[in-house]
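Colleague: give me coordinates for this.
(4 chains)
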2 protein chains.
Amino acid sequence: MSIEAVAHDAGVSVATVSRVFNAPDLVSPATRDKVQRVARRLRYSANASARTLRTQRSKVIGVVLPTLRNPVFAECLEGIAATAAELGYSIIPATSCYRIADEAAAVASLVSRSVDGVVLVVANPADSPALRRLRAAKLPYVLAYNRHPRHTCISVDHEAAVAEVVHRLVERGHRRLGMVSGQLSASDRARQRHDGFVRGLAECNLSPGPLIEVPFMEHAVRHLAGFLQAPDRPTALFCSNDLLAIRTIRAASQIGLRVPRDLSVVGFDGIELGGDLTPSLGTVVQPSRAIGQECVRLLAGAIHAGKPLTAAASHTVSHTFRDGESIAAPRLARTAR
Amino acid sequence: MSIEAVAHDAGVSVATVSRVFNAPDLVSPATRDKVQRVARRLRYSANASARTLRTQRSKVIGVVLPTLRNPVFAECLEGIAATAAELGYSIIPATSCYRIADEAAAVASLVSRSVDGVVLVVANPADSPALRRLRAAKLPYVLAYNRHPRHTCISVDHEAAVAEVVHRLVERGHRRLGMVSGQLSASDRARQRHDGFVRGLAECNLSPGPLIEVPFMEHAVRHLAGFLQAPDRPTALFCSNDLLAIRTIRAASQIGLRVPRDLSVVGFDGIELGGDLTPSLGTVVQPSRAIGQECVRLLAGAIHAGKPLTAAASHTVSHTFRDGESIAAPRLARTAR
DNA sequence: CTGTTAGCGCATTCAC
DNA sequence: GTGAATGCGCTAACAG
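Modeller: The predicted structure is shown next:
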């Protein structure tokens, strides 16, 4: 159903019909009513492609995420989708599986779809083909979770958050802490969180705890089990994300360690599910939906203003700590003061 | 970068450039090469809106899901996205939060975006404004998870799957089973699963077990706790989905019941996380990614053929049962044979 | 306040 | 094998 059919039936020109939808004030109430009535009767709905072609604005926001299997990104996408819808935008998401090449391919596809802007999570903002393409296409974009001085980023302060967690654990009496992470090299977030871990321990005058890198999430349980058998194993583990924490709890349980009695486990992300688990998962909560929301708001603002987004627009959103039953004081306080 | 710039630089007409990308065989190898070279140099990428407007084909598939907070839908969306990408389609997802009106609104937005087809999950396929709009727009669509004789649906046989679960539990020695569900009225799936529960019990010559409806997932724990205090409480609970099962385990634990020692819990969906929990979650696995994949394949076929999709294209995909540590034999077999 | 018209970028028909 | 011309549906000048 095109604008022309409506114009014909309403006995007006196409321009008038267009105005009724884009600048109703410029049309007399009488004609406006008439056109609206006809439009409704004909079930007219504007053709977005034609509008996009004409205005060079698609009202679509592209989204590039590593995966939806990690609920933290699903939650973020929900925030993005909801806010976008509120502001009259549709979204086109694509997943990269943490692969640089896929990030770039996704951006290319989005550019050709004339998206007005992009929200993305990249593996490495410092050197990203995806971001270069975006720059080349002069498209505004906002990074979620990533942090980098030369790009517009919305994220928590990963390092500070983890350092804080370390302090909490130490206050609870823990002296031997370990960290579980995916490959550090795979993500700037992982590195920043590890930095926080190291810093936190240093601030507490504790020697640097071991880092257990689990490159393939699927084998996390096996990897960890070996590590946790050691006689001087940590009494608490900080895990770089909640999914890893959940697998860590399982690994511990499989070798007979009970959480939190024998081992405390803390995650990072604050996925909703964490609070429903038994034991509930202690974790650093990133406000994922709010992050998604803020990314879209920022982007929509830039699109509206027609101005490029700079790194100055970046900001840190505050994390919170959600205590959980997976955290307790160590049973044998051999290092008691 | 438009086709015209490429044509100019390559010293050919726009028609030739267009052919190079859409019907390369019609162009001589020499010109084809030349055009491709120029196009690459200029970083030309076709304007999807213009193409859509001209061809009346967008190569976009719309997706309407209740929510992404439930990992089952996130997994399905991953399957949809991956398969769509493989076949050269982008997707535009929208969430309905189980609200009929939002389903319809989402469809309207998708229609105006000229999607070529839609994959959706609706609350009630028997009477759905969203589906009516799709029909009116003559757009092919496929329902995921839903089952209805008059629509194209890809799903497991919910009823049979649950009946099967009941048999398994009974074989393990359980005699008092209960079912936990969201509002039955809110979803055809919930009803079909309940039907399976009732049928399974009947087939085992057991009296119908109680149905615990938990209208608001957030209050599941509180609701359930009360119920589980009863002296003749069930020894096993079938939960209509995995999220509910996880909350049920928590509720049980909060009133001192241990799973599976004091209570067995079974879920439905087979979300990936279930296998990582402690205890791991016994559940009926729906192949969510495959469901998404199949929906897209079917849709792409219909789009390509230009033929509408009929209910005859529906099919049942097979579920599997994933045993888990949340299931055990009842401790006190008071109803032993 | 309303109508006429050009053109967004592309695919496609019809000439050549 | 290639080019010129048309129109997909819409918005934005511009004219009235």
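Colleague: point out where the stretch 151-300 of chain A drops to low pLDDT.
Modeller: A:217-218 (pLDDT under 70).
Colleague: quick one, what contacts A:Asn47?
Modeller: A:2, B:53, B:112, B:114 (CB atoms under 8 Å, 6 or more residues apart in numbering or on different chains). All C-beta spots, glycine's among them, are computed from the backbone N, C-alpha and C.
Colleague: if I look at it, what pLDDT would I see?
Modeller: A:Asn47 is assigned 97 on the pLDDT scale.
Colleague: and for the closest residue to A:Ser240 other than its chain neighbours, the neighbour number?
Modeller: If the residues on either side of it in the chain are set aside, A:Ser240 comes closest to A:Ser181, at 4.0 Å by CB to CB, 6 or more residues apart in numbering or on different chains. A:Ser181 has 24 neighbouring residues, counting by other CB atoms under 10 Å in any protein chain shown.
Colleague: what do you get for A:Asn205?
Modeller: A:Asn205: 7 neighbours (other CB under 10 Å).
Colleague: how about it, phi and psi?
Modeller: phi 60, psi 30 (degrees, to the nearest 10).
Colleague: repeat that for the one 3 residues further on.
Modeller: Backbone torsions of A:Pro208, given as degrees, to the nearest 10, read phi -60, psi 130.
Colleague: contacting residues for it?
Modeller: A:198, A:201-202.
Colleague: check A:Ser2 too.
Modeller: Per CB under 8 Å, 6+ apart, neighbours of A:Ser2: A:44, A:47.
Colleague: same thing but at 6 Å, please
Modeller: Residues near A:Ser2 by CB atoms under 6 Å, 6 or more residues apart in numbering or on different chains: none.
Colleague: still on that earlier bit, and of the contacts of A:Pro208, the nearest to B:Lys34?
Modeller: A:Val198 (56.4 Å; CB to CB).
Colleague: so where do the helices sit in the stretch 51-200 of chain A?
Modeller: Counting by DSSP state H, counting those that start in this stretch, the segments of the stretch 51-200 of chain A that form helices are A:71-86, A:100-112, A:129-136, A:158-171, A:188-203.
Colleague: which one of those lies nearest to DNA strand C?
Modeller: helix A:100-112 (8.4 Å; CB to the nearest atom of the strand).
Colleague: just the helices of the stretch 51-200 of chain A: most buried one?
Modeller: helix A:71-86 (a mean of 23; mean count of other CB atoms under 10 Å in any protein chain shown).
Colleague: helices and strands around that helix, which ones?
Modeller: The helices and strands touching helix A:71-86, judged by 3 or more CB pairs under 6 Å, 6 or more residues apart in numbering or on different chains; DSSP states H and E, are strand A:60-65, helix A:288-305.
Colleague: ok, which of these comes nearest DNA strand C?
Modeller: Between DNA strand C and the helices and strands packed on helix A:71-86, the tightest spacing by CB to the nearest atom of the strand is seen for strand A:60-65, at 15.7 Å.
Colleague: make JSON lines out of the contacts of A:Pro208 and add distance to A:Arg189.
Modeller: Shown next, in JSON lines, are those (distance: CB to CB, whole Å):
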{"residue": "A:Val198", "distance to A:Arg189": "15"}
{"residue": "A:Leu201", "distance to A:Arg189": "19"}
{"residue": "A:Ala202", "distance to A:Arg189": "20"}
